[in-house]
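A.B. asks: Turn this into a structure:
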Amino acid sequence: MIRTLLAILGLVAAIAIFYLVFLTGKRGVKFATPLNVNLNEIKPEQWKPYGEGLVLVNLDYDQDPEWLFFYRDEYTTGQIGGIIYDAQNRPRGDGSISVPSQVPVYLIPYKLLPDYLPGKSNGYLGDDSIDYKVADAQKVLTPTPTPQSDITPTPSPKTLRGGRLMVRGHFRQRVNRFSVHWWQGADVGYGSTLATTPGWFSLDEENPNDWGKWEQAPKEIRTLWAWEPQIDRSNICQVAPWNLIGDLQRVPPRWYFVAHYEDKKLRFCSSTIPTEPAFPEGQVLAYLLDGHANRWKEGVQPVPFSDVDVLRLAEPEILNTPPERPVVPVDVDFASHGVIHSMRWLVEMIPPSSIKDPVRWRIIRAEDR
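C.D. replies: Purely as a prediction, here's the structure:
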């Protein structure tokens, strides 16, 4: 009896404290719950609401939705972070009796990114902008746009429910960050894993701008391809896979991205193979990818290769004097039908024959090195 009375008194006191701390503000974005929390009273001042402000989500599959909040950290990096506020009726680490039938009186902030827990201290969600989807076992739910101030979405059916929150981070209109977030438990909050690249991500190793599966609402995304510029003058990128791996033996399960740069391949960054590359290494890569015989000097028998993955390509210096038609060696490592070749290709410059004629490069020999 005494224990129950103490629990009730503690709950009443908690409600009173919550009212004094959180309900005194008169401006800002408010939760559409009986608590009517003023967002400005619970977030750091430097966190400026990004996009939709507060969004109802349910990633932990309980009966009550949570509040997803994206912000731009204007006083530090200026990048975009995220946090989820969870209304609970008992704070973490408290041993008192919870009363499920009562209105939640504690607002628990669970950080997504950035955070400082093991495996999560690896950056922000985005640089210039972000977009996101919530994935469950069957489909992906896209967010419903809402105003940035005095947000009052209805908890059902507009709540985004699922087991994964997927966030794309954009830099210069391309995706350079991709993160996945999931519920782990009240004591640790949300797990997060982040893939980043100095280039950009695509969902295809042949197409640098393929995000069709994202637009078509997949179950969830497990493989990304990082496109990263390597040889600027020839617009050549290395393309490497990033895989989302699950450690299901852990309690709770953990997910993390693993980059496989040992499986990288070289491609033209635009995915279009140029007809007349301006530099010799571009001509070698173009031939290995398309096999066109006219990339060889007239009268020279081409060395044929097919099913090629180019692994490494040199960027040679070009000396124009002497002679007037320089021959430049290009070292290249590639696999053809799974067999590794390390070769030196000799490429000759064909000077312009008129003011309207471009410089051309033609392969004259290929040999093992």
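
A.B. asks: Strands along the stretch 151-300 of the chain, start to end?
C.D. replies: In the stretch 151-300 of the chain, the strands defined using DSSP state E, counting those that start in this stretch lie at 160-161, 164-171, 174-185, 189-196, 200-202, 223-231, 236-247, 254-259, 265-268.

A.B. asks: Of all the ones you listed, which one is nearest residue 60?
C.D. replies: Evaluated over those, closeness to residue 60 peaks at strand 174-185, with 3.9 Å, by CB to CB. C-betas here are computed from N, CA, C, even on glycine.

A.B. asks: just checking, what packs against that closest one?
C.D. replies: strand 164-171, strand 189-196, strand 200-202, strand 254-259 (3 or more CB pairs under 8 Å, 6 or more residues apart in numbering; DSSP states H and E).

A.B. asks: of those, which approaches residue 88 most closely?
C.D. replies: strand 189-196 (11.7 Å).

A.B. asks: Output that closest one as CSV, nothing but the C-alphas.
C.D. replies: Listed next in CSV are the C-alpha coordinates belonging to strand 189-196 (Å, rounded to 0.1, in the frame of the first residue of the first chain):
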residue,chain,number,x,y,z
GLY,A,189,17.9,3.9,-28.0
TYR,A,190,18.5,3.6,-31.8
GLY,A,191,21.3,1.9,-33.6
SER,A,192,22.8,3.7,-36.6
THR,A,193,25.1,2.9,-39.4
LEU,A,194,26.5,5.4,-41.9
ALA,A,195,28.1,5.0,-45.4
THR,A,196,30.0,8.0,-46.7
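
A.B. asks: Not counting that strand itself, show me its contacts.
C.D. replies: 59, 84, 108, 110-113, 115, 119-120, 122-123, 125, 165, 176-184, 201, 224, 226, 242, 244, 252, 254-257, 259 (CB atoms under 8 Å, 6 or more residues apart in numbering).

A.B. asks: Buried members of those into PyMOL, please.
C.D. replies: Paste this into PyMOL to select the buried members of the contacts of strand 189-196, with burial taken from 16 or more other CB atoms under 10 Å:
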select buried, resi 59+84+108+110+111+112+113+115+120+123+125+165+176+177+178+179+180+181+182+183+184+201+224+226+242+244+254+255+256+257+259
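
A.B. asks: in the chain, which segments are predicted with low confidence?
C.D. replies: Applying pLDDT under 70 to the chain flags residues 1-37, 89-105, 137-158, 217-218, 248, 251, 320-323.
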